[in-house]
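Q: Pasting the sequence and the predicted model now:
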Amino acid sequence: MSAVIDKADIASYAIRWGDDALILSHRLAEWCADAPELEEDMALMNLALDLVGQARTLYTYAGELEGRGRDEDAIAFTREERDYKNALLVEQPNEDFAYAVARQFLYDAFSLPFYQALASSKDATLAALGEKAAKEVRYHLKHSADWLIRLGDGTDESHRRMQAAIDELWTYTGELFVNDDLDRRLIAAGIGVDLAALKSAWNDTVSTVLKEATLQRPADGWMATGGREGRHSEYMGYLLAELQYMQRAYPNMKW
Amino acid sequence: MYTQGLDIPKGDKSIPVEKADSAEALRFQARIDADEKIEPKDWMPEGYRKTLIRQISQHAHSEVIGMQPEGNWITRAPTLRRKAILMAKVQDEGGHGLYLYSAAETLGVSRDELVEQLLDGSAKYSSIFNYPTLTWADIGAIGWLVDGAAIMNQIPLCRCSYGPYARAMIRICKEESFHQRQGYELMLALSRGSAEQKAMMQDAFDRWWWPALMMFGPHDTKGDAEGIKSQHSEQSMKWRIKRVSNDELRQKFVDVTVPQAEYLGLKVPDPHLKWNAETGHYDFGPIDWNEFKNVLIGNGPCNKKRLKMRREAHERGAWVREAAMAYAAKKAKRNAA
Amino acid sequence: MSRKEWPLYEVFIRSRNGLNHIHVGSVHAPDPKMALENARDAYTRRGEGVSIWVVASNAITASDPGEKESLFEPLAEKVYRHPTFYDIPDEVKNI
């Protein structure tokens, strides 16, 4: 184990995962009053609420580690686009319900083993969050996998839409398993999760569920990356314009 | 979010006014007078059933449409705490809609039929949701004033004679107690904030005050030009579906809300507002019933937008609902094989 | 607009172990699995439950309120089933 653990590293790490949770919750919240059935409206909001909770824990912890007086809101709302390190997958827009299901499923199948692994982090705060989040995400995965199967094996139209969403979002899944320098330092310190090692669990889940959904697993071709370095899609600017609107229009106020 | 503004209008022939002279009807009325609850399969007059379906479904539609003006600010909430609160609150409104549809369905009507009535414009919902949420302060104003008014309307309904409706209302009132408080707390934060925040708060209050008072419905005093003390309204009282008069509730709302507004440093947008030591109540100015009627018949700022969004969401979801049914059928067939 | 409504399920919740499941309302769902998830999302948002049952509404057979008299009144009469029916002198303890 390496001698000195840089607190700033852990803070950056917490922010990165907080960003995944926040941006995905934003996309889910866009379904408010717009879901295919009232019951599903409530289900999606429950997922979004879990994710906001995770983001808050992670940002608050990052702020404490930094010791520069940034609270959860300063981190959530006042950074430049390049400073958001979420994966490209979670910022992809809600083209239709199939996209929301595909995005959620592909991410849940990753984040469940991720949080399970984080639960044994040497960092006590991250470990505690990992344990809590894994319970939440287990339900998310069940919900999204159930929908994927229903829509994949439902009608011709739903099958077509579901396959199209999986095909289009597939290119954003590779990024989830890439360890960068920050990951490597924290893996060495026993704090971070080895992302590459999660791939086989993800593969198993995805293959099993896609098969049951009678959907084709796309070929692992070229994968888009950049989110973890803050290079986002064009969608991100609009998302942030909305997310940050109040804090940008009325800076430094209490709400 | 029930509002008495949704009472059955005078002259509505679709709901019979019952004569209540049959043996069954007399027995039914005796049970109600004894404060017994009526349960789904019990005998009930057709007018009772119809009035309840109308009232419960309008109430449910109001909850569902009510998700829109507040949902409008979820993605723009200024802090993560406020965002989480708002998400939970709007989700509760959806839940309340669901409880209420569920109660209405015990009367032998399907949710599909009720939703169809909403989408084709034949069913009403509370006109308060046809006003826009223009700033963040509107979210506070809705929680504090609109939910406050709704709670006042709804608490008596927890004792309503129809069991499933009363039980749904108990659940709703229990959950809603946080809605008003979060709204007031939001306003409190603005009142302690910058000049811009205070101005934002006053502006929201100015726009929501009168619509909130209109939520209690037209005057029910006899002889008033606007009065609608209809046979239906009397019948609803007799059946214990409605338990308190519109004006009584409105006065109570004004009496408790004015001091709360003063605490926030707000000026009530009513030059006639004045404490009356003799009656022990606030006197307040005349309500613009012309505006009320206009919003009710579809000329409010957001009537078209709200219904359009609901219709589109319903249409966009059709293939999903259909696919889920198709899958369930396939699965049942496989399991049977 | 097609009338292909998701079927109705009745929801029963056990609020904590040791208590019975109690009827709380209903949800619509395409199948029992989704009905369970929908019931969880609609009726346990504040930790109201530790266990949920969902039952297709059309699978419930209910007694007819019109038969209430013949079903239940004969039972109300059998007062000797209740402990208070029996007169025991106060001096006699622990009974």
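A: Structure's in. What do you need?

Q: Quick check: which element contains residue 25?
A: All of this is about chain A. According to DSSP states H and E, A:Ser25 maps onto helix A:7-29.

Q: nope, chain C please
A: C:Gly25 belongs to strand C:22-28 when elements are defined using DSSP H and E.

Q: So for the residue in chain A that chain C sits nearest to, what's the nearest residue that isn't a sequence neighbour?
A: Here chain A gets closest to chain C at one residue, A:Glu39, 4.0 Å apart by Cβ to the nearest Cβ. (Glycine included, C-beta is placed from N, CA and C.) Ranked by Cβ to Cβ, 6 or more residues apart in numbering or on different chains and with sequence neighbours excluded, the top spatial neighbour of A:Glu39 is C:Asn38, at 4.0 Å.

Q: between the following helix or strand past the strand holding C:Gly25 and strand C:22-28, how big is the angle?
A: The helix or strand immediately downstream of strand C:22-28 is helix C:32-43, counting by DSSP H and E. Interaxial angle, helix C:32-43 versus strand C:22-28 (axes from the mean of the first three to the mean of the last three Cα atoms, to 10 degrees): 110 degrees.

Q: Going along the chain from helix C:32-43, find the next helix or strand for me.
A: strand C:51-56.

Q: Buried residues in that following strand, which are they?
A: For strand C:51-56, burial by neighbour count (16 or more other Cβ atoms under 10 Å in any protein chain shown) applies to C:Ile52, C:Val54.

Q: Does anything pack onto that strand? Which helices or strands?
A: The helices and strands touching strand C:51-56, judged by 3 or more Cβ pairs under 8 Å, 6 or more residues apart in numbering or on different chains; DSSP states H and E, are strand C:8-14, helix C:32-43.

Q: How about residues contacting that strand?
A: C:7-14, C:21, C:27, C:29, C:32, C:35-36, C:39-40, C:43-44 (Cβ atoms under 8 Å, 6 or more residues apart in numbering or on different chains).

Q: Quick one, which of these are buried?
A: Applying 16+ other Cβ under 10 Å to these flags C:7-14, C:27, C:29, C:35-36, C:39-40, C:43-44 as buried.

Q: among the residues you listed, which two are most distant?
A: The most widely separated members of the buried ones among the contacts of strand C:51-56, counting by Cβ to Cβ, are C:Pro7 and C:Arg14 (23.1 Å).

Q: re earlier: name the helices or strands packed onto the helix holding A:Ser25?
A: helix A:38-66, helix A:72-77, helix A:88-91, helix A:97-118, helix A:124-152, helix A:181-188, helix A:235-243, helix B:80-105.

Q: re the thing from before, output the strand holding C:Gly25 as CSV, nothing but the C-alphas.
A: The C-alpha coordinates for strand C:22-28 follow below in CSV (Å, rounded to 0.1, in the frame of the first residue of the first chain):
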residue,chain,number,x,y,z
ILE,C,22,-53.6,-4.9,6.1
HIS,C,23,-55.4,-3.8,2.9
VAL,C,24,-54.2,-0.3,2.0
GLY,C,25,-55.4,0.3,-1.6
SER,C,26,-54.7,-0.8,-5.1
VAL,C,27,-52.4,-0.3,-8.0
HIS,C,28,-52.5,-1.0,-11.7
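
Q: Now that strand: buried residues?
A: C:Val24, C:Gly25, C:Ser26, C:Val27, C:His28.

Q: Turn those residues into TSV, columns for distance to chain A and pLDDT.
A: Below are those laid out as TSV (distance: Cβ to the nearest Cβ, whole Å; pLDDT from 0 to 100):
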residue	distance to chain A	pLDDT
C:Val24	14	94
C:Gly25	12	94
C:Ser26	11	95
C:Val27	6	96
C:His28	6	96
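
Q: Could you see whether chain C lies near stretch B:182-198?
A: No: Stretch B:182-198 lies out of reach of chain C by Cβ under 8 Å from any Cβ of the partner chain, never closer than 14.6 Å.

Q: Any chance you could list what contacts that stretch?
A: Against stretch B:182-198 from outside (Cβ under 8 Å, 6+ apart): A:250, A:253-255, B:82, B:85, B:89, B:137, B:139-145, B:147-148, B:200-201, B:260, B:264-266.

Q: rerun that using 6 Å as the cut-off
A: A:Met253, A:Lys254, A:Trp255, B:Ile85, B:Ala137, B:Gly140, B:Gly143, B:Trp144, B:Met201, B:Leu264, B:Gly265 (Cβ atoms under 6 Å, 6 or more residues apart in numbering or on different chains).

Q: what is the mean pLDDT for it?
A: Stretch B:182-198 shows a mean pLDDT of 98 in the predicted model.

Q: distance between that stretch and the chain's centre?
A: From the chain centre to the centre of stretch B:182-198 is a distance of 25 Å (Cα atoms, centre = their mean, to the nearest Å).

Q: Buried residues of that stretch, list them for me.
A: Per 16+ other Cβ under 10 Å, stretch B:182-198 contains these buried residues: B:Gln182, B:Gly183, B:Tyr184, B:Leu186, B:Met187, B:Leu188, B:Ala189, B:Leu190, B:Ser191, B:Gly193, B:Gln197, B:Lys198.

Q: got the contact list for stretch A:48-56?
A: In contact with stretch A:48-56 (Cβ under 6 Å, 6+ apart) are residues A:18, A:21-22, A:24-25, A:28-29, A:72, A:133, A:136, B:80, B:84, B:87.

Q: Redo the residues you listed as TSV? Include neighbour count and pLDDT.
A: As requested, these are exported to TSV (neighbours: other Cβ atoms under 10 Å in any protein chain shown; pLDDT from 0 to 100):
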residue	neighbour count	pLDDT
A:Gly18	28	98
A:Ala21	25	98
A:Leu22	27	98
A:Leu24	28	98
A:Ser25	27	98
A:Leu28	28	98
A:Ala29	23	97
A:Glu72	21	98
A:Ala133	27	98
A:Glu136	19	97
B:Leu80	23	98
B:Ala84	19	97
B:Met87	24	97
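
Q: Now the residues you listed in a markdown table, please, with extra columns for distance to B:Pro301.
A: What follows is those, written out as a markdown table (distance: Cβ to Cβ, whole Å):
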| residue | distance to B:Pro301 |
| --- | --- |
| A:Gly18 | 38 |
| A:Ala21 | 36 |
| A:Leu22 | 32 |
| A:Leu24 | 33 |
| A:Ser25 | 30 |
| A:Leu28 | 28 |
| A:Ala29 | 24 |
| A:Glu72 | 35 |
| A:Ala133 | 42 |
| A:Glu136 | 39 |
| B:Leu80 | 30 |
| B:Ala84 | 29 |
| B:Met87 | 25 |
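
Q: tell me which of those residues is nearest to C:Thr61?
A: Nearest to C:Thr61 among those, with distances taken as Cβ to Cβ, is A:Glu136, at 38.5 Å.

Q: so where's chain C shaky on pLDDT?
A: Applying pLDDT under 70 to chain C flags the ranges C:1-3.

Q: tell me the contacts of B:Ser127?
A: By Cβ under 6 Å, 6+ apart, the neighbours of B:Ser127 are B:Val295, B:Leu296.

Q: Please report the distance of it from B:Ile297.
A: Distance of B:Ser127 to B:Ile297, given as Cβ to Cβ, to the nearest Å: 9 Å.

Q: What pLDDT does the model give the closest residue to A:Ala145 other than its chain neighbours?
A: Nearest residue to A:Ala145 in three dimensions, chain neighbours excluded: A:Val209, at 4.8 Å (Cβ to Cβ, 6+ apart). Looking at A:Val209, its pLDDT reads 98.

Q: Wait, B:Gln68 touches A:Ala33, no?
A: Yes: between B:Gln68 and A:Ala33 a contact is recorded at 5.1 Å, counting by Cβ atoms under 6 Å.

Q: Thanks again, I'm all set now.
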